[in-house]
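Test case, fold it:
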Amino acid sequence: MIDLQSLKQQVDLLALAGRSTSLRRVASSGGGEWAGPCPFCGGQDRFRVQPHHPGGGRWLCRHCTDGKWQDAIAFGQRLWPGLPFPQVCELLAGGEPPTAHQPRSSAVPETPAYHAPSGDWQDSALQAVEICQHSLWEPAGEAALAYLHARGLQEETLHYWRLGYSPGARFGPPGKAGLWVPRGVLIPCLALGPVWSLKVALLPGDRLRCEKCRRPAVARQPCPQCGALNKYRGVKGNRPAAIFGADDLVGVDLALFVEGEFDAMLAWPAVREWVNRQLRAAATAHPRGVVVDGRDIGTVVFPDAPLKVFLTADPEVRARRRLAQEGRAADAGSVGQATAQLGSRDAADARRAVAPLKPAPDAVVLDGTALGFNEQVTEILRLVRKMFPQLDIAPTQD
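Got it, this is the predicted structure:
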C-alpha cells in the first residue's frame, strides 16, 4: 500500500509548481497562498497554490479544475499524463520532475528504479524496529498498547506487523548518526526483507510542535495556530511510496487495497481467516485430496494434513531459479541482490511471532539444491505413493 497521506505531506508543491510557472504570494489563507499563470492551460491569474495547507499542499485552476482544490498527487498526474499512478508517486517521492523549458514528449520517460534505503539507514531502521517492538510490551509502552487495543488491533496482529513503541529516541550502530524516531507507535514498512519506511502514529494528548507552523500543539487535535491535525510523523530517509504489506501480495491473483496501514492491519485477520476457511472448504470438496503450497500451509492452514513436504534449497540456487522464472539475466549483481532479498525475507518470516516460516514437526524436509524440477516432482510423488498406496497415481513423464 502506498502511503498517500505521507506522500502528500512530503511533496513541496510550491517548488514543484514553480518549475513550470512563476508564482507570487498573494494571501495568508491556508498557511499562505501563491498565484500565477496556470502551467497547464496558460491562463493568467487563475492558478492558486497553498503549499502549507493543513491537509497537505493543494492547488486549483479556475479553468482546469473548475476552481476546485486538488492535492499534490493530482498535480503530478496532470504534470505527467500517461504515466501509471505508481510511477507518478515515485516521481513525487524522489524523482526530478521536468521543468517548463523541457520539451514535452509523448514517450514515457525512464525513471530510476525505486530502491529501499541502504547502508547506515537500513542498519539503524532495523535496530529501531527490534528495540521498539520489544518496548511496546514493557511498562513504558502501556499508553501505546492501550491506544492500539482501542483501535481494535489484536495482539496477534501487532506481532505480525512488528509494531512497536518509540519513546522519542535516536537509533543506530555505535559511532553512527543513526535515525531520530519521534515518540509514538512505530509502524515499519518491510518488503522482501529490507525496511522501506518508518512511520510513527502520534499518541493522543502528546504535546509537540506543529509540523506546519512549528507552534506548540497537541497530537491528534487541531493546531490552535494553523488548524493542522498532527497525527503522524515520518523518519528522515523514508521511501514512502513502498506498498505496505507487499510480502503478502507475492503470487496472489486478488488483493484488497485500503487507505492506511491501520486499515490494512484491521482487515488482515478477517481476510486471512476467510482465505483459510475457503482453502479448507475447497480441500474437503475433493475426497481424493488436494495439493496446496504456501509458507504456513503445513503449520497453520492444514496442520492435520497427513503429508507435509517442506521444500528448501541453497539460497544462491533459489535466487538463480527466481531470476529465470522472471526472465531476467543471472549475472553476478542480479544473483547477489536476489540472494540477499530471499535471505532477508526468510529471516524476517522465521522471526515473526505469528505463523513463522518453519517446517511442521512431522514435515519431510526436501532439499532441492541438486534436483531439477522434474526430479523434485518425482521425489514428492514417491512420498505420496508411500503415504497413500491406495491412490492410482500415474508415473511422471521426464
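
now S166: how far from A350?
S166 sits 25 Å away from A350 when distances are taken as CB to CB, to the nearest Å. C-betas here are computed from N, CA, C, even on glycine.

Is R322 within a helix or a strand, and which one?
Assignment of secondary structure by DSSP states H and E places R322 within helix 315-325.

Contacts for the helix or strand that comes right after that helix next, please.
Using DSSP H and E, the helix or strand that follows helix 315-325 in sequence is helix 332-351. Here helix 332-351 makes contact (CB atoms under 8 Å, 6 or more residues apart in numbering) with 190, 192-194, 247, 295, 315-316, 318-320, 322-323, 328, 356-358.

Over to stretch 321-329?
Counting contacts by CB under 8 Å, 6+ apart, the residues touching stretch 321-329 from outside are A313, A330, S334, V335, A338, L342.

re earlier: between S166 and A350, which is the more surrounded one?
Comparing S166 with A350 by neighbour count (other CB atoms under 10 Å), the higher total belongs to S166, at 24 against 11.

which ones are touching the closest residue to that one other than its chain neighbours?
For S166, the nearest residue in space outside its immediate sequence neighbours is V181; the separation is 4.4 Å by CB to CB, 6 or more residues apart in numbering. Residues touching V181, when contacts are defined by CB under 8 Å, 6+ apart, comprise A128, C132, S166, G168, A169, R170, F171, L198, V200, V235.

State the helix or strand in which H149 lies.
H149 belongs to helix 142-150 when assigned by DSSP H and E.

Okay, buried residues for that helix please.
In terms of neighbour count (16 or more other CB atoms under 10 Å), helix 142-150 has its buried residues at A143, A144, L145, Y147, L148.

Report the mean confidence score over it.
Average pLDDT, helix 142-150: 96.

which residues are in contact with it?
Contacts of helix 142-150 with the rest of the structure, by CB under 8 Å, 6+ apart, involve L136, W137, L158, L163, Y165, G184, V185, A201, L203, P204.

what residue ranges in the chain score low on pLDDT?
Judged by pLDDT under 70, the chain has its weakly predicted residues at 1-2, 94-114, 251, 348, 351-354, 394-398.

what about the strands in it?
24-27, 33-36, 47-50, 58-61, 70-71, 164-171, 179-190, 195-201, 207-209, 216-218, 232-234, 309-312, 364-367 (DSSP state E).

Can you add distance to C226 and give these back as a markdown table?
Output for the strands of the chain, formatted as a markdown table (distance: least, CB to CB, whole Å):
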| stretch | distance to C226 |
| --- | --- |
| strand 24-27 | 14 |
| strand 33-36 | 13 |
| strand 47-50 | 11 |
| strand 58-61 | 14 |
| strand 70-71 | 18 |
| strand 164-171 | 23 |
| strand 179-190 | 19 |
| strand 195-201 | 21 |
| strand 207-209 | 12 |
| strand 216-218 | 9 |
| strand 232-234 | 17 |
| strand 309-312 | 56 |
| strand 364-367 | 60 |
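
which stretch among those comes nearest A264?
When the strands of the chain are ranked by proximity to A264, the top entry is strand 179-190, at 10.1 Å, counting by CB to CB.

Look up how far R318 lies from L254.
From L254 across to R318, the span is 26 Å (CB to CB).

ok, now G164?
Remark: distance between G164 and R318 (CB to CB) = 30 Å.

And those two? Which one has more around it.
Between G164 and R318, counting by other CB under 10 Å, G164 is the more crowded of the two (26 against 19).

Look at the closest residue in space to the more buried one that isn't next to it in sequence and say how many residues are nearby.
Take G164 and drop its neighbours on the chain: the residue closest to it by CB to CB, 6+ apart is C132, 2.8 Å away. When neighbours are defined as other CB under 10 Å, C132 has 27 of them.

ok, now which ones touch C132?
Going by CB under 8 Å, 6+ apart, C132 touches G164, Y165, S166, V181, L186.

Go through those and say which is closest to P269.
Among these, and counting by CB to CB, the member closest to P269 is G164, at 19.1 Å.

Could I get the contacting residues of that closest one?
G164 is in contact with A128, V129, I131, C132, Q133, H134, S135, L136, G141, V185, L186, P188, counting by CB under 8 Å, 6+ apart.

Sort out which of these are buried, if you could.
Buried members of the contacts of G164, counted by 16+ other CB under 10 Å: A128, V129, I131, C132, Q133, S135, L136, G141, V185, L186, P188.

Among those, list the two that are farthest apart in space.
Every pair in these was compared (CB to CB); the two farthest apart turn out to be G141 and P188, at 15.3 Å.

tell me the centre residue of the protein?
With the centre of the chain defined as its mean C-alpha position, the nearest residue by CA atoms, centre = their mean is F244, 2.3 Å away.

Report all helices and strands that the biggest helix by length in the chain contacts.
Scanning the chain for the helix with the most residues, using DSSP state H, yields helix 261-284. For helix 261-284, the contact count by 3 or more CB pairs under 8 Å, 6 or more residues apart in numbering; DSSP states H and E identifies helix 155-160 as packing neighbours.

Just give the nearest non-adjacent residue to R62, would you?
In space, not counting the residues next to it along the chain, R62 is nearest to R46; the distance is 4.2 Å by CB to CB, 6+ apart.
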